[in-house]
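Student: I'd like to go over a predicted model; first the sequence, then the structure.
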Amino acid sequence: MASPTVSDSNDLTPDVVDDKGPAPVDARAGENLYWGRRAAARLQLSSWQAPWVVALATFAITATLYIVYAVRRYERLGFTGWDLGIFTQAVKAYSRFESPMVPLEGTDINLMGDHFQPWIALIGPLYRLCPSPITLLIVQALLFAVAAIPIVRLATRQLDVVIGVLIAIAYGLAWGVAHALAFDFHEIALAVPLMAFSLVALVEERWRAALLYALPLVFCKEDLGLTVVVVAAVVALRCGSRTYRWAAATAVWGLVWTVLAAKVIVPAFSSADYSYGSKFAESPAEGVRELVLGFAAGDARASTAFMLLVITVFLAVRSPIALVAIPTIAWRFWSTNHLYWSDDYHYDAILMPVVFVAMIDALMTLRRRGCSRRVLTGFAAGAAVIAVVLTAGGPLHRLAERDFYTPATAAQAVAALEEQIPAGASVAATNNIAPQLVADHEVTLFPRLDRDRSIPQWIMADTNTYGMFPTSPQGVRDALEKVENGRQYREVAERGGVVLLERR
C-alpha cells in the first residue's frame, strides 16, 4: 500500500467542494473531519520517520559515549605510540603534504610500507586545524557511530521499533567495536561504516549502492580487496542476473587492488627487514593443519569464533551475508601470529557490521516464514542482553567508574616534564608516553628499536610501564641505566616514576 505523500494533503482540504455535490451541512463537522485526517496523516508520517529517529538517536548516543571514552582514555595514558602515535605521525606528515614517515617504527620507515591505507590522508586537513592525537580518536569514534545508522534503520524499518532499539543496544555495545576503541586508532575505522552501508543496501536489494559502498574498502587496508570480491559475489547471488556484469567488475576491482597493494605498493615502500610475510604459514596445507589443531585444542581462534557467533544469538550464520566475514577471518586464523587470533585489539571491528546485518537479514527471513513477533523480539533482546553482559567485562565498563574521570598521576607528570622540552625537539619515549608528545615533537621509541638509528635530544621514560612493547618495566630501567652510565645523557627531572633525560 502506498504511503501518503505531501501532495495527498490536498485531498484533505475542506474548502475544495465538488460543484456537483451537496454543500456541507455542518461546517464544524467538516473542520473536525479535516483535523482528524491531518492527525492520521501525521501518525503515518511518524511511522515512516521512526527508523530514522531511532537510527540518528543511536548515532548521537554512541558517538557521545565513544568520544568520551576515547578522550578520557587518552588523557589517562591509556593509548600507545604503537599504534596511535604512529598514525598521528603519518597524518601529521599528510597534513604538511609530506610522505607518511613514522619515526616511531624506525628510521626512514614509511607507513605505506606497513599497510595500504591511503584514506587516512583525508584526516590531514582536520589535523591541521586540531593538531592532536585526539583528532584521530574522535574521527574513529564518529566513524564507528555512523555505522550504527544504516544497521539500526534497517532493523527498525524491516522489523519494528522495539527490535530496532534492541539492535541499537547490541551494536552500540558490541565487543568488537569496544575493543577497537580501546586499542588506539587504526586504518579500519573508515571500513566499518562503508561495510555497514554496503551490506544494508545489499539486504534491501539496492545492488548498485551495495557495490559502490564496497569499492573504497580497498583504500582502507590491502586485505579488504578480498572482502570486496565476496561482497560482489553475494550481490550476484542475492540480486540475480541483472547484477552479474557489475558484480564481476567490482570483484575484479577488489582483486586487482589487493594484488597491487600487497605485491607492489607495500613492498615498494617497505624496509627490507620489516615484512608481514613471515607471520603466515609456509603453505596453505600447513595453515589449515594448524587451524584445525588450534580449534580442537580450544585456542584463541575458537574463542573468537564463538564470540562472533554468540553476539547475534547464532543467527548470523543463517544469512549469506555472513560470507562477507570469511576473508578477514581466514587471513587472521591462518596466521602464525597469535595476536591476530584474539578477540582483543581492533581486528574484529570490521566484522561487527557483517554479523549484525546478517542477524537482521536472518530475522527478516524468519518473519517471512511466519515466526511470531514475540520470538523475533526475544532473539533481539537476547543479543542486547549478551552485549550488556560482555560490556560489564569489557573496555566500556570504565565509563561507569568514577576514577575514570579523575586526573591520572602519570599523565600529570608527563605534562609537567614536557614543559621543559623545546617545541620540535626530538624525544625518545616509552610506548605509553609517546602519543602525548607526537604533536609537538619528533618522537621515537624507548628503548630503541634495532631499525632506529636516530640520536634523540631528550628521553622521557615511565618506569612504571606494565610489560608494554617493546620491553618490560625491568627492560626500561635497564635501558635507562645503560644510557646514563654511557654518559651520553643526564637526568634533569623525575616525577612520579617518569624520568626526563637530556643529551649532554
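Tutor: Sure, I can see it.

Student: OK, contacts around residue 453?
Tutor: 106-107 (Cβ atoms under 8 Å, 6 or more residues apart in numbering). Bear in mind the C-beta positions are built from the backbone N, C-alpha and C, glycine included.

Student: element containing it, please.
Tutor: Residue 453 belongs to no helix or strand when elements are defined using DSSP states H and E.

Student: Look up the closest residue to the residue most central in space within the chain, ignoring the ones flanking it.
Tutor: Most central in the chain under Cα atoms, centre = their mean is residue 189, positioned 3.9 Å from the mean C-alpha point. Closest residue to residue 189 apart from its sequence neighbours, by Cβ to Cβ, 6 or more residues apart in numbering: residue 140 at 4.2 Å.

Student: C-alpha coordinates for the helix or strand hosting that neighbour, PDB please?
Tutor: Here residue 140 sits within helix 133-146, counting by DSSP H and E. Taking C-alpha atoms only, helix 133-146 is exported to PDB below (Å, rounded to 0.1, in the frame of the first residue of the first chain):
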ATOM      1  CA  PRO A 133      46.100  12.600  18.500                       C
ATOM      2  CA  ILE A 134      42.600  13.300  19.900                       C
ATOM      3  CA  THR A 135      41.600  14.300  16.400                       C
ATOM      4  CA  LEU A 136      42.200  10.800  15.200                       C
ATOM      5  CA  LEU A 137      40.400   9.300  18.100                       C
ATOM      6  CA  ILE A 138      37.300  11.400  17.500                       C
ATOM      7  CA  VAL A 139      37.300  10.700  13.800                       C
ATOM      8  CA  GLN A 140      37.400   7.000  14.600                       C
ATOM      9  CA  ALA A 141      34.700   7.200  17.200                       C
ATOM     10  CA  LEU A 142      32.400   9.100  14.800                       C
ATOM     11  CA  LEU A 143      33.000   6.600  12.000                       C
ATOM     12  CA  PHE A 144      32.100   3.700  14.300                       C
ATOM     13  CA  ALA A 145      29.000   5.500  15.400                       C
ATOM     14  CA  VAL A 146      28.000   6.300  11.800                       C
END
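
Student: Quick check: what element follows it along the chain?
Tutor: helix 148-158.

Student: residue ranges with poor pLDDT in the stretch 101-250 of the chain?
Tutor: Applying pLDDT under 70 to the stretch 101-250 of the chain flags no residue at all.

Student: State the distance from residue 226 to residue 341.
Tutor: Distance of residue 226 to residue 341, computed by Cβ to Cβ, to the nearest Å: 19 Å.

Student: Ok, residue 123 next?
Tutor: Taken as Cβ to Cβ, the span from residue 123 to residue 341 is 30 Å.

Student: do residue 483 as well
Tutor: The value you get for residue 483 to residue 341, if Cβ to Cβ is used, is 37 Å.

Student: next one: residue 315
Tutor: 24 Å.

Student: the more surrounded of the two?
Tutor: Shown here are residue 315 and residue 341; by other Cβ atoms under 10 Å, residue 315 has more neighbours (24 against 21).

Student: Export only the CA atoms of the one helix or strand residue 383 maps to, formatted as PDB.
Tutor: Using DSSP H and E, residue 383 sits in helix 373-392. Taking Å, rounded to 0.1, in the frame of the first residue of the first chain, the C-alpha atoms of helix 373-392 are listed here in PDB:
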ATOM      1  CA  ARG A 373       6.900 -11.000  16.600                       C
ATOM      2  CA  ARG A 374       7.400 -12.200  20.200                       C
ATOM      3  CA  VAL A 375      10.000 -14.700  19.100                       C
ATOM      4  CA  LEU A 376      11.800 -12.200  16.900                       C
ATOM      5  CA  THR A 377      11.800  -9.700  19.700                       C
ATOM      6  CA  GLY A 378      13.200 -12.400  22.000                       C
ATOM      7  CA  PHE A 379      16.100 -13.000  19.700                       C
ATOM      8  CA  ALA A 380      16.900  -9.300  19.500                       C
ATOM      9  CA  ALA A 381      16.600  -9.000  23.300                       C
ATOM     10  CA  GLY A 382      19.000 -11.900  23.700                       C
ATOM     11  CA  ALA A 383      21.600 -10.100  21.600                       C
ATOM     12  CA  ALA A 384      21.100  -6.900  23.600                       C
ATOM     13  CA  VAL A 385      21.500  -8.800  26.900                       C
ATOM     14  CA  ILE A 386      24.600 -10.500  25.700                       C
ATOM     15  CA  ALA A 387      26.100  -7.200  24.600                       C
ATOM     16  CA  VAL A 388      25.400  -5.700  28.000                       C
ATOM     17  CA  VAL A 389      26.800  -8.600  29.900                       C
ATOM     18  CA  LEU A 390      30.000  -8.600  27.800                       C
ATOM     19  CA  THR A 391      30.300  -4.800  28.300                       C
ATOM     20  CA  ALA A 392      30.500  -5.400  32.000                       C
END
